[in-house]
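> quick one, what's the 3D model for this:
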Amino acid sequence: SSGSASVAWDGGAPAYDPDAAGSYTFTGTLTPPAGSINTDGLQAAVQIIVAPRLPGPVTPLPETSDGVYRLYCGLEGCSGTAFDELNISVPAGTHDRAFTWTVQKTPNIAVVLPVNMSIQSPVYELKTDFEGTFLQPVELEIKLARTDSDDGQTLALFRYDETEEQWTDMLGCEEDNANCIAAIQHTGQYAVFAVDEPPVIAFHDIARHWARASILQAASEGLVSGDGDGSFAPDRAVTRAEFVSMLARAQFIPQADALADDLYFTDAADVPAWAETAIARAHQAGIVQGYADGAFRPGQTITRTETAIFLARALQLSASEQASAQFADGTSIPQWGRGAVGGVWKAGIMQGQPGNRFDPYDRLTRAEAVVVLLRAMERMD
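Sure thing, here's the model as predicted:
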């Protein structure tokens, strides 16, 4: 038969220290229930193993004797600097588990470059201990000692395609004191180049996509770029920071004097460097606002209702709650967004979903973002 017994813990050996890695065993005296006897003198025992403490989310990258920098990254994100010239900022939720980065310089790859395309940085090889795409864009800031670019050239971050044996997938640089700041979605070999104009744009994952033509047009106009592996990821959700940056590239945000230092949101430290100026200017212009707690939440995906509000403010559209009522789910559109939803619908910028629904809480995809931005630009012409 079975039963329950109470335990009086006598202590452990060695003395328990939650901050010291090791194995700790605790023993206790069993007191059997009434009518039972512990004839064998059995004791309770439990073993607790304390693992070594992991590095915090912000830590330098220690260089090893083989010239490789390593960075541990938890679910909360991480950041570090390698070679005193490459800053890596990994946001929370980049992967579904903790992982480790390795960073090293590699010799310049012997590839014949097009005319007027010159390398401006070392080649950095970035690896992780998992395969696949990052769930959030990872920011790289490459410090450039000098640039040899000619007048009229721009800096761009390129990823080396080992299959094609050429530098492809140009990512636009947000230039800061001649440094290149760009967001990547994949590991690989990266370097900064000075270029006259972007290469022919081609994404391997949009061949049969309904928004293919719009995506190529937007990419050619510099509104969007690829994910770094030759893909566009048209169905990936857009974050609030990403959409504001798209608005800025489409010139819907006034070129005000607002700078990164003018970000007064409670989570300003979470705003990626490449989006700081755009968000500061959009806030100054009244296009974006924070939540009730004062946060902007730059990494949160933007909803269709929020998209409508940002666009309506940027284009100074007239609010129309009556127009939003024509959707089958019009009553589910939040009150604070109905006027904007009606306004962008009347302007032909945003349309309904199948079943004449607006789906106000659905996330905006990259393809949808491209389409609404191009429609907005057509309206402004």
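> against Gly228, how distant is the spatially closest residue to Glu85 that is not a sequence neighbour?
Counting by C-beta to C-beta, 6 or more residues apart in numbering, Lys143 is the residue found nearest to Glu85 once chain neighbours are left out, at 4.3 Å. To be clear about C-beta, it is placed using only N, CA and C from the backbone, and glycine gets the same treatment. Computed with C-beta to C-beta, to the nearest Å, the distance linking Lys143 and Gly228 is 20 Å.
> which of these two has more neighbours?
Applying other C-beta atoms under 10 Å to Lys143 and Gly228 shows that Gly228 carries more neighbours, namely 26 against 16.
> how close does the more buried one sit to Thr303?
26 Å.
> and the helices in this protein?
212-220, 240-249, 273-284, 304-315, 321-324, 335-346, 366-380 (DSSP state H).
> rewinding a little: wait, the residue nearest to Glu85 sits on Tyr124?
No. Lys143 lies out of contact with Tyr124 (C-beta atoms under 8 Å); the separation is 11.7 Å.
> which residues do the two both contact?
Leu86 (C-beta atoms under 8 Å, 6 or more residues apart in numbering).
> quick one: residues contacting the residue nearest to Glu85.
Asp84, Glu85, Leu86, Asn87, Asn179.
> can I get the residues you listed in a markdown table with neighbour count and pLDDT?
A markdown table is the format used below for the contacts of Lys143 (neighbours: other C-beta atoms under 10 Å; pLDDT from 0 to 100):
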| residue | neighbour count | pLDDT |
| --- | --- | --- |
| Asp84 | 7 | 87 |
| Glu85 | 16 | 90 |
| Leu86 | 21 | 92 |
| Asn87 | 17 | 90 |
| Asn179 | 19 | 80 |
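> how's the chain carved up into domains?
According to automatic domain parsing, the chain comprises the domains 6-50, 69-195, 212-380.
> hey, least reliable of those domains by pLDDT?
The minimum mean pLDDT among the domains of the chain belongs to domain 6-50 (a mean of 70).
> so what's the residue count around the residue lying closest to Glu368 once chain neighbours are set aside?
In space, and not counting its chain neighbours, Glu368 is closest to Ala211: 7.6 Å by C-beta to C-beta, 6+ apart. Around Ala211 there are 21 other residues, counting by other C-beta under 10 Å.
> from Ala308, how far out is the closest residue to Thr307 other than its chain neighbours?
Nearest non-adjacent residue to Thr307, counting by C-beta to C-beta, 6+ apart: Leu364, 5.0 Å away. According to C-beta to C-beta, Leu364 and Ala308 sit 10 Å apart.
> Thr266 now?
Counting by C-beta to C-beta - Thr266 and Ala308 are separated by 25 Å.
> which of these two has more residues huddled nearby?
More neighbours surround Ala308 than the other of Thr266 and Ala308, with 28 against 13 (other C-beta under 10 Å).
> which ones are touching that one?
Applying C-beta under 8 Å, 6+ apart, the residues near Ala308 are Gly337, Ala340, Val341, Gly343, Val344, Met350.
> contacts only, for the first one.
Yep, that's Gly337 we're talking about. Thr305, Glu306, Ala308, Ile309, Pro360.
> what's the closest of these to Thr27?
Glu306 (57.7 Å; C-beta to C-beta).
> how about the closest one: what's its closest non-neighbour residue?
Arg240 is the one closest to Glu306 (C-beta to C-beta, 6+ apart), at 7.1 Å.
> count the neighbours of Thr365 for me.
Neighbours of Thr365 using other C-beta under 10 Å come to 17.
> ok so, going back, now the helices of the chain in JSON lines, with distance to Thr128?
JSON lines is the format used below for the helices of the chain (distance: least, C-beta to C-beta, whole Å):
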{"stretch": "helix 212-220", "distance to Thr128": "27"}
{"stretch": "helix 240-249", "distance to Thr128": "22"}
{"stretch": "helix 273-284", "distance to Thr128": "21"}
{"stretch": "helix 304-315", "distance to Thr128": "31"}
{"stretch": "helix 321-324", "distance to Thr128": "44"}
{"stretch": "helix 335-346", "distance to Thr128": "39"}
{"stretch": "helix 366-380", "distance to Thr128": "23"}
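> I'd say the residue nearest to Thr307 and Arg236 touch.
No. Using C-beta under 8 Å, Leu364 is not in contact with Arg236, being 10.2 Å away.
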